[in-house]
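>>> Got a sequence here, can you model it:
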Amino acid sequence: VQLVESGGGLVQAGGSLRLSCAASRSTFGTYDINTMGWYRQAPGKQRELVATITNSGGRTNYADSVKGRFTISRDNAKNTIYLQMNSLKPEDTAVYYCNAKYFGFSIATMGNEKNYWGQGTQVTVSS
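Residues are numbered from 1 along each chain as shown. Now for the predicted structure:
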């Protein structure tokens, strides 16, 4: 499974960016994609959750720091998720990583989880 990210860049505070992440496949073997999301890591800090979305039902989850400003969405037909980031702040500056969680659906793999990460895309917000 490969995750290909795009859309990072440099933007002024108050501006907007849209990130995309495409997974190379939604199913492999006896594993199905379950959840995709975005995490970020700023210099000197731990990686943190930004937003996630389930493949079935489209349930979303956001970090408190981005609620009301960021929106995660998905296109299941393209195995792609998007992160629309509005009202960006300098503290949003980080490398943003796409994540995909695959869950086993067979008797043998039920309860198992496989985790994949993209290469990361830099988002820089200037003040």
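>>> how about the nearest residue to the residue nearest the centre of the chain, chain neighbours excluded?
Here the mean C-alpha position of the chain is nearest to the C-alpha of residue 38 (C-alpha atoms, centre = their mean), at a distance of 2.3 Å. By the measure of C-beta to C-beta, 6 or more residues apart in numbering, the closest residue to residue 38 outside its immediate chain neighbours is residue 50, 4.3 Å from it. C-beta coordinates here come from the backbone N, C-alpha and C atoms, glycine included.
>>> Kindly report the same for residue 24.
residue 2 (4.3 Å).
>>> residue farthest from the centroid of the chain?
Computed with C-alpha atoms, centre = their mean, the residue of the chain farthest from its C-alpha average is residue 107, at 28.7 Å.
>>> how close does that residue get to residue 30?
Residue 107 sits 9 Å away from residue 30 when distances are taken as C-beta to C-beta, to the nearest Å.
>>> Thank you kindly, that will do.
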